[in-house]
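Undergrad: I would like to see how this sequence folds:
(one chain, ligands or ions: 2)
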Amino acid sequence: MNVLRPIQIAPSILPADFSKLGDECVALEKAGVDRIHLDVMDGRFVPNLTFGPDVIASIRPHVTVPFEAHLMVEQPDELAHLYVEAGCDTLMVHVEVCPHLHRTLMHIRDLGASPAVVLNPATPAAAIENVLDVCDLVLVMTVNPGFGGQAYIPSTEPKVAAIRKMIVDGGHDCDLEVDGGVGPNTIAGPAAAGANVMVAGSALFSDPEGLEHAVTDLRARAEAAR
Ligand code: DX5
Ligand code: ZN
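TA: Numbers count the residues shown, from 1 in each chain. Ligands and ions are numbered 1, 2, ... in the order given. Presented below is the predicted three-dimensional model:
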């Protein structure tokens, strides 16, 4: 039975004021977000460098919502434990840098975190078909990773639908998340295709009516599109 999983809003803190990340996360929690999406970039897998485990550890005590670390790094296996120790609940690894993906996901679970797998826009759904039984979430990138504020790539929607079908047909207990360019004018597509966790960065922080309005509005638009 295809039971719809609850819609979750996961803000990316990339557009946040890095000089007061703790306060920004408190504001996000107050605005009603379900989890916080932490874009870790190493300047090698993607051409941008953001923050590491020490920054995450410094914001962890300020909020209670779960942390998901989107690891845009070349060597996630070597670094995973640092992000669990920093307080991340979910670790998201890119299939493109995990030659032993099944082992990597099991390693994350052994560390006590929830394993998630990420696909870049050019990576086919088939790349994760054989790990749906060992991950809790699949993240479909709807932009090419590295920066916030990019344009949503609509051609990723059939992939979202295909992965949703894999999850349902296989009876897997997996969330399906999209990340990149998600906002009021784009969220309906991935929601209709089967995504239930929505990452939004610029769309949240640029809402003139504030974070709470942005979170409520995005959630309502996603629910209406299902
Ligand atoms: C891009 C990141 C995304 C991005 C989302 O590499 O993984 O999480 O920050 O930001 P928006 O919603 O502005 O595209
Ligand atoms: Zn991300």
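
Undergrad: Pull the number of nearby residues for the closest residue to R5 other than its chain neighbours.
TA: Among residues not flanking R5 along the chain, N196 sits closest, at 4.3 Å (C-beta to C-beta, 6 or more residues apart in numbering). Where C-beta positions appear, they are placed from N, C-alpha and C, glycine not excepted. Close neighbours of N196, defined as other C-beta atoms under 10 Å, add up to 20.

Undergrad: distance of N196 from ligand 1?
TA: Note on N196: its distance to ligand 1, by C-beta to the nearest ligand atom, to the nearest Å, is 17 Å.

Undergrad: Contacts only, for that residue.
TA: If you count contacts by C-beta atoms under 8 Å, 6 or more residues apart in numbering, N196 has them with L4, R5, P6, I7, Q8, D175, L176, E177.

Undergrad: May I ask which of the residues you listed has the most neighbours?
TA: E177 (29 neighbours).

Undergrad: what pLDDT does it get?
TA: Note for E177: predicted pLDDT of 98.

Undergrad: Which secondary structure state does it sit in?
TA: With DSSP: H, G, I helix; E, B strand; the rest coil as the basis, E177 sits in strand.

Undergrad: which residues does it contact?
TA: A10, A116, L137, V138, L139, V140, A195, N196, V197, M198, V199.

Undergrad: Does stretch 57-69 reach ligand 2?
TA: No: remark: stretch 57-69 sits outside contact range of ligand 2, by C-beta under 5 Å from the ion, the gap being at least 8.7 Å.

Undergrad: neighbouring contacts of that stretch?
TA: 10, 21-23, 25-26, 28-29, 33-38, 40, 56, 83, 85-92, 116.

Undergrad: which of these are buried?
TA: The neighbour count (16 or more other C-beta atoms under 10 Å) marks 10, 21, 25, 28-29, 33-38, 40, 56, 83, 86-92, 116 as buried among the contacts of stretch 57-69.

Undergrad: so which of these are also by ligand 1?
TA: Applying C-beta under 6 Å from any ligand atom to the buried ones among the contacts of stretch 57-69, one finds that H37 fall near ligand 1.

Undergrad: taking the buried ones among the contacts of stretch 57-69 one by one, which sit in helices?
TA: Per DSSP state H, helices hold the following members of the buried ones among the contacts of stretch 57-69: L21, C25, L28, E29, I56, Y83.

Undergrad: Could you list the contact residues of this structure toward ligand 1?
TA: 12, 14, 37, 39, 70, 143, 145-150, 179-182, 199-203.
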